[in-house]
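Novice: Quick one, what's the 3D model for this:
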Amino acid sequence: MQVNAIVCEEIAEDIGSVGLQQIELPDPGPGQVRVRLKACAVNFPDLLMIQGKYQFKPPLPFAPGGEAAGDIEACGSGVSFKEGDAVIVGMRYGGFAEAVVVDESQVKPLPKGMSYAKGASYQTAYLTAYVALKRRGHLEQGETLLVHGATGGVGMAAVDLGKHFGAKVIGTGGRDDKLEVVASRGADHVINYTMEDGSLGGFRDTVKALTDGRGADVIYDPVGGDVFDESMRCINWGGRILSIGFTSGRWPQAPVNLILIKQIAVIGVRAGEYGRQDPVKGLENAQRLYAMAEAGEIDPYISHALPIEKAVEAMRLLEQREVVGKAVVTMNGYQM
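Specialist: Okay, the predicted model is just below:
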């Protein structure tokens, strides 16, 4: 069976090197299903895999795309799903395609009331936020949570879950129009941390003012660099800084004197690795998120949906920081 897919044939700095091709898809074997996809989320690892900068390197050629949703159209022997079932799919790559063949363990029923686009958009971002806030950061009701990069996918997920868990949430970002979306989704306060010279910072005094001088109890930081440095100056005694990533391009070095004086913790977070190291808790995390999605407690914000023919444009939007929340690539005539 041939399907259209976005194929990366060689590692290249320019993500525009990938293109739409027809690929041969095998029939599902025992324990496998073939899913006719409707939507696939666009994530930074997709771009990094094309550029050869991600820790996991798929064998060439490959299609980017790690989380998707669609309908089962064929089943191998021994599976519990049936043709026509709407499902979400989790994989490391392959989702920028009209269909995929995956093991049954990689699919779950599409949560009730969720669209294909939203079903394809919540797993990675919300798992990262959940592991960071609850498993690693031990966020408590009534604490102040400072979320950096709050206009992006993992940042907006942290804002949503922070409010769900009863925290006072302060979100930072680089554009006022994006921050308006964050505020509309429940953040108690938003701060534009872009300085006049284009650098990031300038939020320390505002955070202290909003917390009566104490500072934030938990700081969620996917940005790193100067943002991390300034966060060390506006964290409460006994607080926790959660290091999610370094989108600023510079990983920070934590000043041990401040860690000692304020008795704070700097905690690294890799949600996927957390589950691999502790499969029992990893399963609990996935089940908890799925239950929240089923209950309507998770609602990803999607700012862009482009057809698979424009997948490179969708990745460019993410690369150029134009996306608010999530972007998705759509297939097989599906529209949001």
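
Novice: Which secondary structure element is home to the residue nearest to the spatial centre of the chain?
Specialist: With distances taken as CA atoms, centre = their mean, the residue of the chain nearest its centroid is residue 125 (2.6 Å). According to DSSP states H and E, residue 125 maps onto helix 123-130.

Novice: From the rest of the structure, what touches that helix?
Specialist: The list of residues contacting helix 123-130 from outside it, by CB atoms under 8 Å, 6 or more residues apart in numbering, reads 41, 43, 66-67, 88, 90, 153-154, 156-158, 160-161, 220, 244, 269, 271-272, 285-286, 288-289, 292, 298, 300, 326. Quick note: C-beta positions are derived from backbone N, CA and C, even for glycine.

Novice: one more time with 7 Å, if that's ok
Specialist: Under the criterion CB atoms under 7 Å, 6 or more residues apart in numbering, residues 43, 66-67, 88, 90, 153-154, 157-158, 161, 244, 271, 285, 288-289, 298, 326 lie in contact with helix 123-130.

Novice: Can you check what angle separates the strand or helix carrying residue 41 from helix 123-130?
Specialist: According to DSSP H and E, residue 41 maps onto strand 32-42. With axes from the mean of the first three to the mean of the last three CA atoms, to 10 degrees as the basis, strand 32-42 and helix 123-130 are set at 70 degrees to each other.

Novice: can you offset everything so residue one is 159?
Specialist: In the new count, where the first residue is 159, that last one comes out as strand 190-200.

Novice: one step back: mind listing which of the contacts of helix 281-288 are in strands?
Specialist: Members of these lying in strands (criterion: DSSP state E): 225, 246, 248, 484.

Novice: Any idea what the first one is bridged to?
Specialist: In other words, residue 225. residue 248 (DSSP bridges).

Novice: Next, the contact list for it, please.
Specialist: 198, 199, 248, 253, 278, 281, 282.

Novice: which among those residues gets closest to residue 467?
Specialist: For the contacts of residue 225, the closest approach to residue 467 (CB to CB) belongs to residue 198, at 13.4 Å.

Novice: Would you mind measuring from residue 273 to residue 370?
Specialist: 42 Å (CB to CB, to the nearest Å).

Novice: same check, this time on residue 488
Specialist: For residue 488, the distance to residue 370 - CB to CB - is 47 Å.

Novice: This completes my enquiry, with thanks.
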